[in-house]
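Participant: Task: produce atomic coordinates for the following.
(one chain, ligands or ions: 1)
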Amino acid sequence: MKDLSVGDVPVIVAPMAGGPSTPALVTAAAAAGALGFLAAGYKTVENLAGEIEAVRDSTENFGVNVFVPDDTPVDRGAVKRFRDRLRPEAERYGVELPEIRWDDDDHWADKLSLLMAAPVPWVSFAFGVPDRATIRGLQRAGSHVLVTVTEPFESEQAFDAGADGVIAQSGSAGGHSSTTNPVLYRSDTTTLDLIPRIRSRVPLPVVAAGGVASREDLDAVLGTRAFAVQIGTHFLKAIEAGTRPTHREAMGDPRFAETVVTRAFTGRPARSLRNRFTDTFSDSAPLGYPAIHHLTAPIRAAAAAMGDPHGINLWAGAGFGYAREGTTAEILAGLIGS
Ligand SMILES: Cc1cc2nc3c(=O)[nH]c(=O)nc-3n(C[C@H](O)[C@H](O)[C@H](O)COP(=O)(O)O)c2cc1C
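Facilitator: Got it, this is the predicted structure:
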């Protein structure tokens, strides 16, 4: 088993697509001794390349996270019916619902070509397990490759595909689950329960992810011999993060007191603060990523422009109540107790 280490501090500031991850967040993480990841998700290749160059100017230790195209079978009729249910919501925000897009792979091949041609020290994957040739190619180019998993069977797939390590993401994590089987996905797993189940199946270094919000949490998960802890929600209010103001404010607003796991925004399970949108659509939203992500995008953009927290995906993990404003260095110091 390879010995992996992420930096002076065993913390990965999680990749957070959709705005929060910025080059400034990644370089601030590195300056504070942790490891930051750029989030390639939803970006064009040109934007990703620009972010990589911006980070490379300030640090040599960083990573890039890529979404593996989601091959979950989709009931197209159910997605079309869900589009009809979204009509009143589109009217509420004064937007047109787009035609359904079935074919978006988030520029998978071009993002991989970029990472092979201009390698970065770390590459992690979400939503799936890439094939052996892809992982081998990145390793030959000089990258450590981590695959995000939510159950032991996915860690076995990552092992068979040659990954250097896995990120064990529990159900308490904020944002999308990386599950490769959203039909069977369980959102009640905890990091402490998941890691031993993975360890008993594969001899791979493990990063723990999900619900770490205090020094005690950090010590507990490092006690499972995880070589690092990936933390997202706790950094959403960092000044270097690109989190929308409405999202930041909702995280301290007593009206948003709990999180739910919902497919309502994107068609994949994701943990979010509970709001009017999740209450209205969580029961009826089918699986259908990325079609539903594109369908709800104009609604979410209009709600964000109006500053309405009830129409946007307020991704947050179960420990969101502990997140505080501050610099990345201050937030990290608060977590590691220095
Ligand atoms: C706003 C937000 C966006 C996220 N986007 C990504 C992403 O693009 N790629 C990824 O692998 N994980 C993503 N995650 C999940 C994190 O990598 C990590 O698993 C999670 O934040 C850990 O749980 P925590 O939020 O309780 O710290 C996201 C999480 C949040 C809160």
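Participant: hey, where'd the strands end up in this structure?
Facilitator: Using DSSP state E, the strands found in the chain span residues 11-13, 35-39, 62-67, 122-126, 144-149, 165-169, 175-176, 206-209, 228-231, 259-262, 270-273.
Participant: Point out the residues in this protein that sit beside the ligand.
Facilitator: By C-beta under 6 Å from any ligand atom, the residues of the chain that approach the ligand are 14-18, 20, 39, 41, 65, 126, 148, 169, 172-175, 209-212, 230-234, 315, 317, 319. Using the backbone N, CA and C atoms, a C-beta is placed for each residue, glycine as well.
Participant: what's near enough to touch residue 106?
Facilitator: 40-42, 66-67, 69, 290 (C-beta atoms under 8 Å, 6 or more residues apart in numbering).
Participant: Could you export those as TSV, including distance to residue 5, pLDDT and neighbour count?
Facilitator: Shown next, in TSV, are the contacts of residue 106 (distance: C-beta to C-beta, whole Å; pLDDT from 0 to 100; neighbours: other C-beta atoms under 10 Å):
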residue	distance to residue 5	pLDDT	neighbour count
40	23	98	30
41	26	98	21
42	30	97	16
66	22	98	27
67	26	98	24
69	31	96	15
290	34	96	24
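Participant: Turn those residues into TSV, including distance to residue 204.
Facilitator: Converted to TSV, those look like this (distance: C-beta to C-beta, whole Å):
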residue	distance to residue 204
40	23
41	24
42	28
66	19
67	21
69	23
290	29
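Participant: Closest one of these to the ligand?
Facilitator: residue 41 (4.2 Å; C-beta to the nearest ligand atom).
Participant: Return the residues in contact with residue 267.
Facilitator: Contacts of residue 267 (C-beta under 8 Å, 6+ apart): 74, 79, 285-293.
Participant: One more pass at 6 Å, please.
Facilitator: 287-289, 292 (C-beta atoms under 6 Å, 6 or more residues apart in numbering).
Participant: Then residue 53?
Facilitator: With contact set as C-beta under 6 Å, 6+ apart, residue 53 has no partners.
Participant: show me what contacts residue 86?
Facilitator: residue 97.
Participant: ok, back up a step: now the strands of the chain in a markdown table, with distance to residue 156?
Facilitator: Below are the strands of the chain laid out as a markdown table (distance: least, C-beta to C-beta, whole Å):
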| stretch | distance to residue 156 |
| --- | --- |
| strand 11-13 | 23 |
| strand 35-39 | 24 |
| strand 62-67 | 21 |
| strand 122-126 | 15 |
| strand 144-149 | 9 |
| strand 165-169 | 10 |
| strand 175-176 | 22 |
| strand 206-209 | 13 |
| strand 228-231 | 20 |
| strand 259-262 | 24 |
| strand 270-273 | 24 |
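Participant: pLDDT score assigned to residue 338?
Facilitator: Residue 338 carries a pLDDT value of 57.
Participant: And for residue 19?
Facilitator: Residue 19 is given a pLDDT of 97.
Participant: Was I right to think it contacts residue 242?
Facilitator: Yes - here residue 19 reaches residue 242: they are 4.4 Å apart, a contact under C-beta atoms under 6 Å.
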